[in-house]
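Visitor: quick one, what's the 3D model for this:
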Amino acid sequence: VVFTPQDLGDKFTASILHLSSGKAVSANNSNNVVIQSYTGNENQLWLFERMDDRMYKISNVATSLCLDEDNYGTTDNTNIKVIGSNNELAQRWYIWKNGAGYSLVPKCAMNLAMDLVDGNTTDGNNLAAWTCVSGNSNQIFSITPITFLIDKMVTVSNVTTTSDAVSVRPNVTVKVDN
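Guide: Numbers count the residues shown, from 1 in each chain. Okay, the predicted model is just below:
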């Protein structure tokens, strides 16, 4: 089977859902990447930035930490986590079409893909990298761009308060994906 890297756009925010369970890929307080029931909170939102060679740097919105394959692991059961960006190959991901969804494949170990270990959909179960297999339902995710606003995307400035009921017209700025 030949996998082809997908180009989903230059920069966008999205949720990553395990296709068959509908559960979300989420960063937890220990910087592990886990599966959880979808709530749409910031821990379940990811910023995708396309790099060279169709690779993506994928950062968690809540933590600003990068999706990373631990220690450049090249064997099954290598932990997936989030850490600070250091532009290394463990933080560059190909998105490969796999059946009805996508597999996320680290540049440092292109024989592996992000995997829902043993199909375990228990909330808080760690994700790991396992040998990439076409059609393996543990490795198939949907990537759904998010277009709604969250509080930190909106700022209001130049607010003037008057005591005589004069109209106030603040400057409103909305930023999505910078």
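Visitor: list the contacts for the residue positioned nearest the centre of the chain?
Guide: Geometric centre of the chain, nearest residue: residue 46, 3.3 Å, by Cα atoms, centre = their mean. Counting by Cβ atoms under 8 Å, 6 or more residues apart in numbering, residue 46 touches 13, 14, 15, 16, 25, 58, 59, 60, 61, 67. Bear in mind the C-beta positions are built from the backbone N, C-alpha and C, glycine included.
Visitor: among these, which ones are in strands?
Guide: Those of these mapping onto strands are 13, 14, 15, 16, 25, 58, 59, 60, 67, per DSSP state E.
Visitor: I'd like these as a markdown table, with distance to residue 124, neighbour count and pLDDT appended.
Guide: Converted to a markdown table, those look like this (distance: Cβ to Cβ, whole Å; neighbours: other Cβ atoms under 10 Å; pLDDT from 0 to 100):
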| residue | distance to residue 124 | neighbour count | pLDDT |
| --- | --- | --- | --- |
| 13 | 23 | 18 | 93 |
| 14 | 22 | 20 | 96 |
| 15 | 17 | 20 | 96 |
| 16 | 16 | 25 | 98 |
| 25 | 12 | 27 | 98 |
| 58 | 20 | 24 | 97 |
| 59 | 21 | 22 | 96 |
| 60 | 16 | 21 | 96 |
| 67 | 18 | 28 | 97 |
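Visitor: between the residues you listed, which is nearest residue 135?
Guide: Distance to residue 135 across the ones in strands among the contacts of residue 46 (Cβ to Cβ) is lowest for residue 16, with 18.7 Å.
Visitor: what are the bridge partners for the nearest residue to that closest one once chain neighbours are set aside, then?
Guide: Distance criterion Cβ to Cβ, 6 or more residues apart in numbering; nearest residue to residue 16, sequence neighbours excluded, is residue 25 at 4.0 Å. Here residue 25 sits in beta bridges with residue 35, as judged by DSSP bridges.
Visitor: all strands for the chain, in order.
Guide: Under DSSP E, the chain gives strands at 11-18, 24-27, 33-36, 46-50, 56-60, 66-69, 78-83, 93-98, 101-106, 112-116, 125-131, 141-145, 154-157, 171-174.
Visitor: what number of residues lie near residue 84?
Guide: 12 (other Cβ atoms under 10 Å).
Visitor: need the per-residue pLDDT for the closest residue to it other than its chain neighbours.
Guide: With sequence-adjacent residues excluded and distances taken as Cβ to Cβ, 6+ apart, residue 84 is closest to residue 65, at 6.1 Å. For residue 65, the pLDDT comes out at 96.
Visitor: also the one 3 residues further on?
Guide: With respect to pLDDT, residue 68 has a value of 96.
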